[in-house]
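Visitor: the following comprises the amino acid sequence and a computationally predicted model.
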Amino acid sequence: MFERIDTLLRESGARYRVIRHPAEGSSEKVAQVRGTQVGQGAKAMLCRVKELRGQLVLAILPGDRKVDFRKVAQAVGGKKASFASPEEAIDRTGCAIGAIPPFSFSPDIRLVVDPQLLSRHEEIAFNAGRLDTSIVLNAADYARIAEPLLADITADD
């Protein structure tokens, strides 16, 4: 997955850098080792929407926010969403939870990004298919390359 993303970004003329680091499990800890702010982290939540059989939603939000499952479902025309299982995440994306990048390479996985991720910082950061490798990517380049559906999917404070 890392090689696929690296190639995509390079061929698309994206402004990015690769950071190798120890595997970390929380948004706060990985931001520290990356040298970024927690809100720059593109937190990837693979979701199942009850009304969309066979299709998943990859919800991407700032690392310092929580997902609102109702908003995720509404963004794609559903009413109820929940996390996909860890087994389903590996099967459908090839990545473990925590290493899923903010890109969809499958027509069966709909990419939905909260606009706050793109508006709050010039760069976003994410695990690139591995827990020990991150990419810090220009936010405008990410939006141009990934072409996500933009929707408010974060929980209200």
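Guide: Ah, there it is.
Visitor: report pLDDT for residue 15.
Guide: With respect to pLDDT, residue 15 scores 98.
Visitor: burial measure for the residue lying closest to it once chain neighbours are set aside, as a count.
Guide: Of all residues not flanking residue 15 in the chain, residue 138 sits nearest, at 4.1 Å (Cβ to Cβ, 6 or more residues apart in numbering). Any C-beta I mention is one placed from the backbone N, CA and C, and that applies to glycine too. Using other Cβ atoms under 10 Å, residue 138 is surrounded by 17 other residues.
Visitor: contacts only, for the residue lying closest to residue 65 once chain neighbours are set aside.
Guide: Of all residues not flanking residue 65 in the chain, residue 154 sits nearest, at 4.2 Å (Cβ to Cβ, 6+ apart). Residues near residue 154 by Cβ atoms under 8 Å, 6 or more residues apart in numbering: 61, 62, 65, 66, 67, 68, 71, 114, 116.
Visitor: do the same with residue 45
Guide: Shown in contact with residue 45 (Cβ under 8 Å, 6+ apart): 58, 59, 60, 61, 67, 72, 83.
Visitor: pick the one among those residues closest to residue 145.
Guide: Comparing the contacts of residue 45 against residue 145 with Cβ to Cβ places residue 60 closest, at 13.1 Å.
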